[in-house]
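A.B. asks: just coords:
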DNA sequence: ACCGGACCCAAACCAAAGTTTCGATAAACC
DNA sequence: GGTTTATCGAAACTTTGGTTTGGGTCCGGT
């Protein structure tokens, strides 16, 4: 149930290794896509389902560790299972610090790989769930006009309409209108809802959270 | 500034190693307390300031890795820097997965240890800051009466006073009084404040978040 | 028996939030 | 030129939120 329709990408320049990993994971029910290089992998594009990357460290063109860090820099957040035939402790530490789910020295037992991959998939599954929620919220937030966003930032900070009005040099009635639009567009059922949405979106007025009450 | 008054605990059964680590860290400005065994360490008690633990893996009585996991189980959250003379990759993975800040194979360069320790102290410093805030909130929350807590749970969920009243079989005016007490006791300046406090305290009415509107 | 605290409620307010209806200007777009 | 959209505001409400004042019961501790 956890395994069905989950995708595993493999990057290893050893064709034999690719083949055996492919058959192992495929027989377990995963959707497997093997590559011989990081370039091929990047050219392929990622599927929109729970995935993970089984990455060999020693590659011809680019070190697997370097590639892992590059993925992080480029905000490609796929769980990585590292493997290597000639690893040492500093490499392991580096890989784990960079967020690898596991680090398997070759040769490894099949169960070790399956366990690591299962955990990686589970990690990606929950990340996707969380990101999905945030994505909907971001989309709604983007539908707000600049003024509405400004009002939202001040409202979720706890300011009253009149304080927002004073800070933005508006009449209170205008603030109420913007505020109403925010509630409607964000589909918030209550102020408590809106505050929690703002927490997820990391929205807050910087001039207020840093100080107490500047004005 | 980061180093002053930070405490480093060392557990290593090799007296020579303890001595050299002690002098290295002490000369850097840390407050160092060395131990030869995990028992000694546990008997000593932890200081209430930014701290970390430099832990050798190969000990007579108890493995450092086991001890690290025991600390986690017993909820003793101190950042751990692991070191070992005879480490392998599986041990490294296990230590890093258990949350070690770093894993240093002996012999290591002084700068490596200092860098790992500095990062561990910084980790503990921010954890203490976050925990401190949560602690204050928990204390305030405990000062609430059962009814007040109940009202708070429903209010931060987004319910209006009259809805809270209906759900608790109270008059709206009573809800308002409880709600006012909650705001005062929790020292919340606004509803938005209270919602954020509830998020930190992980408070919410279970009968509401699970279903829509049971009644 | 007395006191304090938790709990409950009503009347009478006042302040804040929210809505609708009526405008109005200015910029962007076709 | 006409349309849309964002922006701003007034008047006239209704609904919530919040406080104060003044009651009341019940229970546990002294």
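C.D. replies: Thanks, I have the structure now. All figures in this text were calculated on a predicted structure; none of them were measured in a lab.
A.B. asks: what's residue A:63 sitting at in phi/psi?
C.D. replies: Here is the backbone geometry of residue A:63 (degrees, to the nearest 10): phi -60, psi 140.
A.B. asks: Equivalent analysis for residue A:31, please.
C.D. replies: Taking degrees, to the nearest 10, you get phi -100, psi 110 for the backbone angles of residue A:31.
A.B. asks: OK, contacts around the residue nearest to it when sequence neighbours are not counted?
C.D. replies: Once flanking residues are discounted, residue A:31 sits nearest to residue A:7: 4.4 Å by Cβ to Cβ, 6 or more residues apart in numbering or on different chains. C-beta here means a position set from N, CA and C on the backbone, and glycine is covered the same way. By Cβ atoms under 8 Å, 6 or more residues apart in numbering or on different chains, residue A:7 lies in contact with A:30, A:31, A:32, A:33, A:47, A:49, A:50, A:51, A:52.
A.B. asks: Check which helix or strand residue A:175 maps to.
C.D. replies: Using DSSP states H and E, residue A:175 maps to helix A:172-186.
A.B. asks: tell me the mean pLDDT over that helix?
C.D. replies: Across helix A:172-186, pLDDT averages out at 92.
A.B. asks: Kindly report the same for stretch A:94-102.
C.D. replies: Rounded mean pLDDT across stretch A:94-102 is 96.
A.B. asks: so does that stretch get close to chain B?
C.D. replies: Yes. Legend: contact between stretch A:94-102 and chain B by Cβ under 8 Å from any Cβ of the partner chain is shown at A:96, A:97, A:102.
A.B. asks: what does stretch A:107-123 give?
C.D. replies: No. Using Cβ under 8 Å from any Cβ, stretch A:107-123 stays clear of chain B, coming no nearer than 9.3 Å.
A.B. asks: related to what we said a few turns ago, give the buried residues for the helix holding residue A:175.
C.D. replies: Residues of helix A:172-186 classed as buried by neighbour count (16 or more other Cβ atoms under 10 Å in any protein chain shown): A:175, A:178, A:179, A:181, A:182, A:183, A:185, A:186.
A.B. asks: per the record, what domains does chain A have?
C.D. replies: As given by automatic domain parsing, the domain ranges for chain A are A:7-129, A:143-209.
A.B. asks: where among the ones you listed is the average confidence lowest?
C.D. replies: What stands lowest among those, in mean pLDDT terms, is domain A:143-209, with a mean of 89.
A.B. asks: Next, the residue of chain A at minimum distance from DNA strand D: phi, psi?
C.D. replies: Of all residues in chain A, the one sitting closest to DNA strand D is residue A:145 (2.5 Å; Cβ to the nearest atom of the strand). As for residue A:145, its main-chain torsions (degrees, to the nearest 10) stand at phi -80, psi 160.
A.B. asks: all strands in chain A, in order from the N-terminus.
C.D. replies: With DSSP state E as the criterion, chain A has strands at A:7-11, A:31-35, A:51-56, A:80-84, A:102-105.
A.B. asks: Was I right to think residue A:175 contacts residue A:166?
C.D. replies: No. Checked against Cβ atoms under 8 Å, the pair residue A:175 and residue A:166 is beyond contact range at 9.5 Å.
A.B. asks: Let me know the outermost residue of chain A.
C.D. replies: Farthest-out residue of chain A from its mean C-alpha position, per Cα atoms, centre = their mean: residue A:171, at 40.7 Å.
A.B. asks: give the contact list for that residue.
C.D. replies: Contacts for residue A:171 (Cβ under 8 Å, 6+ apart) come out as residue A:165.
A.B. asks: Check the one 3 residues further on too.
C.D. replies: With contacts taken as Cβ under 8 Å, 6+ apart, residue A:174 has the following neighbours: residue A:165.
A.B. asks: The nearest residue to residue A:203 once chain neighbours are set aside and chain B, how far apart?
C.D. replies: Among residues not flanking residue A:203 along the chain, residue A:153 sits closest, at 5.7 Å (Cβ to Cβ, 6+ apart). Residue A:153 sits at a distance of 11 Å from chain B (criterion: Cβ to the nearest Cβ, to the nearest Å).
A.B. asks: and what of residue A:76?
C.D. replies: According to Cβ to the nearest Cβ, residue A:76 stands 22 Å off from chain B.
A.B. asks: Equivalent analysis for residue A:85, please.
C.D. replies: For residue A:85, the distance to chain B - Cβ to the nearest Cβ - is 11 Å.
A.B. asks: I'd guessed that residue sits against residue A:91; true?
C.D. replies: No. Counting by Cβ under 8 Å, residue A:85 sits too far from residue A:91 to count as a contact (11.6 Å).
A.B. asks: The two - which one has more neighbours?
C.D. replies: Using other Cβ atoms under 10 Å in any protein chain shown, the more surrounded residue of residue A:85 and residue A:91 is residue A:91, with 20 against 12.
A.B. asks: buried ones in stretch A:147-158?
C.D. replies: A:147, A:148, A:150, A:151, A:152, A:153, A:154, A:155, A:156, A:157, A:158.
A.B. asks: Which pair of those residues spans the longest distance?
C.D. replies: Pairwise distances across the buried residues of stretch A:147-158 (Cβ to Cβ) peak at 19.3 Å, for the pair A:147 and A:158.
A.B. asks: With adjacent residues omitted, what lies nearest to residue A:60?
C.D. replies: Nearest residue to residue A:60 in three dimensions, chain neighbours excluded: residue A:13, at 5.5 Å (Cβ to Cβ, 6+ apart).
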